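*Asks:* Next comes the sequence, and after it the predicted model I'd like to discuss.
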Amino acid sequence: MAEYNITVARSARKELESLDAPIVNRIILKIESLAEAPRPAGCRKLVGKKNLWRIRIGDYRVLYAIDDANHIVDVIAVRHRGMAYK
């Protein structure tokens with residue numbers, strides 16, 4: 001499988017900056033692993049969204065889009081589970 005490039009939206013970067021270092025490290029490792037497997041075990045496609053996926057990291061969710069044609073994973077949001085889908 002070809003490796004995907006990861007892009008992170010400015011808003012997702014700001015959300016990461018507001019979190020504590022230990023959880024940020026866990027989230028970044030998981031985001032980096034999306035380059036090898038953009039649809040890892042446990043990921044879910046969001047219902048009602050054309051091309052939006054999510055992965056869980058503890059109480060946080062990473063929302064991202066996959067562009068298979070250009071091999072890009074675009075991280076859109078990193079949010080606490082209570083705010084992830086609003």
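*Replies:* Structure's in. What do you need?
*Asks:* Only C-alpha atoms from now on, for both contacts and neighbour counts.
*Replies:* Fine.
*Asks:* what's the nearest residue to the spatially most central residue of the chain if we skip its chain neighbours?
*Replies:* Against the mean C-alpha coordinate of the chain, by CA atoms, centre = their mean, the closest residue is Val62 at 3.4 Å. Across the structure, with CA to CA, 6 or more residues apart in numbering as the measure, the residue nearest Val62 apart from its sequence neighbours is Val78 (4.6 Å).
*Asks:* Double-check that the one you found belongs to a strand.
*Replies:* Yes: with DSSP: H, G, I helix; E, B strand; the rest coil as the criterion, Val78 is located in a strand.
*Asks:* pLDDT weak spots in this structure?
*Replies:* Scanning the chain for pLDDT under 70 picks out 1-2, 86.
*Asks:* Strands of that one, start to end?
*Replies:* Per DSSP state E, the chain carries strands over the ranges 5-8, 44-45, 52-57, 60-67, 72-80.
*Asks:* Now do stretch 65-80: everything it contacts.
*Replies:* 2-9, 11-12, 15-16, 34-35, 38, 51-53, 59-64, 84 (CA atoms under 8 Å, 6 or more residues apart in numbering).
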